[in-house]
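Asks: got a sequence here, can you model it:
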Amino acid sequence: MTATQTADAVGTSVLLPGDDQSALRAFFEIAEAWNLTTDDQLKLLGSPPRSSFFKLKKDGGQLNRDQLERISHIINIYKCLRILFTDQEAADKWVGQTNKAPFLQGRSAREFMVNDGYLSDIFQVRRYLDAQRG
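Replies: From the prediction side, this is the model:
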């Protein structure tokens, strides 16, 4: 299942326990599309130990509730961008470009989400994009 298919299948719901493997596949596909560094990915997943992160990336595994919620919001950000931009490349680049949205204060959405790594920061980007698409 691709990230786009997962985004379509998940819609705006929060991923539930048992969705771990499809959530991880979608997360790593989105991370690649957005050109996220390993450190960016770690922050977005709530800063798990590096060894745990690489095990998840290589072999999959069980996610905790916080990680599932984080990935759910990231999938929905990805989905919103696909709706807002007709060009897939422009949608993927948006996350890394500086932005004039007041809460971002000239930073990129990626920088905002990974700066402190708070779930609330990821949710704020999602909420902003949900509002933009109407």
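
Asks: please tell me how far the closest residue to residue 92 other than its chain neighbours sits from residue 71.
Replies: Distances taken as C-beta to C-beta, 6 or more residues apart in numbering place residue 33 nearest to residue 92, at 4.7 Å, with adjacent residues excluded. Every residue, glycine included, has its C-beta placed from N, CA and C. From residue 33 over to residue 71 the distance is 14 Å, taken as C-beta to C-beta, to the nearest Å.

Asks: who has more neighbours out of those two?
Replies: residue 71 (28 against 18; other C-beta atoms under 10 Å).

Asks: so which helix or strand takes in that one?
Replies: According to DSSP states H and E, residue 71 maps onto helix 65-84.

Asks: just the CA atoms of the following helix or strand past that helix, as PDB, please.
Replies: Sequence order places helix 88-94 as the next helix or strand after helix 65-84, per DSSP H and E. Extracted in PDB, the C-alpha atoms of helix 88-94 (Å, rounded to 0.1, in the frame of the first residue of the first chain):
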ATOM      1  CA  GLN A  88       2.700  16.300  -6.600                       C
ATOM      2  CA  GLU A  89       6.200  17.700  -6.600                       C
ATOM      3  CA  ALA A  90       5.000  21.100  -5.400                       C
ATOM      4  CA  ALA A  91       3.000  19.300  -2.700                       C
ATOM      5  CA  ASP A  92       6.000  17.500  -1.500                       C
ATOM      6  CA  LYS A  93       8.200  20.600  -1.600                       C
ATOM      7  CA  TRP A  94       5.700  22.700   0.500                       C
END
